[in-house]
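# This is a predicted model, with the sequence first.
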Amino acid sequence: PNKIDYIYIIIIKTKTVKFMKELTTLSPTAFQARKAEAVRNEVMRKEISLSEFNVIDNTHIEVDGVKIELTPFAFKRLLGRLRIPTAFAKRFSDGFGTDGLQQLVQMMKTMKSSKNDQTVTLLVDPRNKVITNILPAGYASISNEAFVDFAEGYINQYGLEVKDFGSDPTGGATINCVSPNSVFSVPGMSDEVFNTGVTFRNTPTRGLEVSPYLNRLVCSNGMSSTAFSETYGLHELTDKSISEFNDHMISMASTGFQPVGLADKIRSANNTDASIAEVQRAMSAMLSTDKKIDFEYMQRYLPINRVMKAYSDIGAEPSTFTTKQLQNAKSGLSIWEVVNGITNFASNDEKYNIDDHKTGNLMVSAGNLLMKKNFDTEALIQFDPFANKSLLSENESARLMGQA
């Protein structure tokens, strides 16, 4: 990789604060290797009408006499295409067995194809010969090779540096870039200084998307979000869509790739307690990146055990809390601390060496938490004027209760 040293000197209330950070970027050779990997991870697409396949069971369909395996997720998507609710399918399977469910799905497919022989897109993992998803016809059909070529043009045009580039076997690919000369700081928060940039992402379900990317200089934590208002998506590379995208990139570059309202959102996140529910979702996102990740080890990034123990110590057992109670229960951590716990693991953990695509997904999870419209505890009133007294006297209370 290429390594570029930056020194940022910021004057805050006559106090000089230095941020010296080594920005590690991909070399051209490493970039081309990642590109080749992304192309290898490309999933196959097959356009097919409902009448052209038969449902064998909840793990296989038959196309042209060939039996092809379905992942559980792909079977759920098939149910969705046929407008069969997943919960209903489960109850039907429990009552009539998998054979009964197969007959139901086949019957619904036949009825739907006879009225309107809908075309769907099968996504097939060519390595395992498994159908991984079933999408509407022609949806998100940009190949990874075309995606990388497309992104490269803008990387060169805007002088961006590629920080990381990853892909996964389900066909997704993510390129995170920084603009070395674009620096963003949060007024009043001396540690919150970022290189801004762009995330280019291509997935079979959402197509090609571009979002702002942030690289926190204090600890080199990376973050992106599909919830930024600047996120822009393309499902096809037509002249019209590319022209509109060019306008969008010009607009983003004119503001140094800084998301609108980000400073206010970071300050709010820093001053808002995360709920237990928000901490649990953050921990779940990190654990789901690899089955080998040790829960106890992850306490260094999000000390959820200490959160739970604090409640248990006062006789309130979090395992008995309802969903709403978990959302209302403060964790002792701020939203901003939880966000940085996620991004610190994604960007800097050396024990598990999570690949770039999975870390990219975690960076999006962190960014989406930050950009939530409302944090769980944001609307809770922090004071109670009636904690030690009642509003009503005994006589007034009796009168309202019809007792006087």
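That came through fine.
# Quick check: pLDDT value at Asn58.
You'll see Asn58 listed with a pLDDT of 85.
# cool, the one 10 residues further on as well?
Residue-level confidence at Ile68 comes out at 92, pLDDT.
# do Thr226 as well
Predicted confidence (pLDDT) for Thr226: 80.
# OK, contacts around it?
206, 209, 211, 364, 367-368 (Cβ atoms under 8 Å, 6 or more residues apart in numbering). (Glycine included, C-beta is placed from N, CA and C.)
# Let's see that with 7 Å instead.
209, 211, 364, 368 (Cβ atoms under 7 Å, 6 or more residues apart in numbering).
# For whichever strand or helix holds the first one, give the mean pLDDT please.
In other words, Glu209. Glu209 is located in strand 207-216, with elements delineated by DSSP states H and E. Strand 207-216 shows an average pLDDT of 90 in the prediction.
# Please apply the same query to stretch 233-251.
Per-residue scores along stretch 233-251 average to 88.
# Give me the buried positions along that stretch.
For stretch 233-251, a neighbour-count test (16 or more other Cβ atoms under 10 Å) marks 234, 237, 245, 249 as buried.
# for stretch 189-199, same thing?
Within stretch 189-199, judged by 16+ other Cβ under 10 Å, the buried ones are 192-199.
# Report the inter-axis angle for the lengthiest strand in the chain versus strand 207-216.
Scanning the chain for the longest strand, with DSSP state E as the assignment, gives strand 173-185. Angle, strand 173-185 to strand 207-216, by axes from the mean of the first three to the mean of the last three Cα atoms, to 10 degrees: 40 degrees.
# Stretch 203-222: end-to-end distance?
20 Å (Cα to Cα, to the nearest Å).
# how about the helices in the stretch 251-400 of the chain?
Ranges of helices within the stretch 251-400 of the chain are 262-270, 276-287, 304-312, 323-328, 335-348, 356-370, 394-400, based on DSSP state H, counting those that start in this stretch.
# likewise the stretch 101-250 of the chain?
Under DSSP H, counting those that start in this stretch, the stretch 101-250 of the chain gives helices at 144-157, 239-254.
# Mind putting the ones you listed into a markdown table with distance to Ile335?
Converted to a markdown table, the helices of the stretch 101-250 of the chain look like this (distance: least, Cβ to Cβ, whole Å):
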| stretch | distance to Ile335 |
| --- | --- |
| helix 144-157 | 31 |
| helix 239-254 | 25 |
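# so where is the stretch 51-200 of the chain shaky, pLDDT-wise?
140 (pLDDT under 70).
# still on that earlier bit, so which of the buried residues of stretch 189-199 would you say is closest to Val105?
Within those, proximity to Val105 (Cβ to Cβ) peaks at Thr199, which comes in at 37.9 Å.
# What is the burial count for Asn344?
18 (other Cβ atoms under 10 Å).
# Just give the closest residue to it, not the sequence neighbours.
Asn221 (5.5 Å; Cβ to Cβ, 6 or more residues apart in numbering).
# swap in Leu135?
In space, Leu135 is closest to Thr121, 4.4 Å off (Cβ to Cβ, 6+ apart).
# residue contacts, that neighbour?
Counting by Cβ under 7 Å, 6+ apart, Thr121 has contacts 45, 47, 135-139.
# same for the strand holding Glu209, what does it pack against?
Judged by 3 or more Cβ pairs under 7 Å, 6 or more residues apart in numbering; DSSP states H and E, the packing partners of strand 207-216 are strand 173-185, strand 193-203, strand 221-224, strand 232-234.
# Now find how far off-centre the third one is within its chain.
Strand 221-224 sits 12 Å away from the centroid of its parent chain (Cα atoms, centre = their mean, to the nearest Å).
# Neighbouring strands of that strand in the sheet, and parallel or not?
strand 207-216 (antiparallel) (DSSP bridges).
# List the contacts of the strand it pairs with.
Strand 207-216 has contacts (Cβ under 7 Å, 6+ apart) with 140, 142, 147, 150, 163, 176-178, 194-202, 222-226, 228, 230-235, 252, 257-259.
# Likewise for stretch 37-44?
Under Cβ under 7 Å, 6+ apart, the answer for stretch 37-44 is 123-126, 132, 143-145, 148, 167-171, 173, 204.
# Tell me which residues of the longest strand of the chain come out buried.
173-179, 182-185.
# can you redo those as CSV with distance to Glu278?
Below are these laid out as CSV (distance: Cβ to Cβ, whole Å):
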residue, distance to Glu278
Ala173, 29
Thr174, 24
Ile175, 28
Asn176, 24
Cys177, 29
Val178, 28
Ser179, 30
Ser182, 30
Val183, 29
Phe184, 25
Ser185, 26
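# from those, which two are the most distant?
Greatest spatial distance among the buried residues of strand 173-185 (Cβ to Cβ): Ala173 and Ser185, at 30.9 Å.
# Alright, I will stop here.
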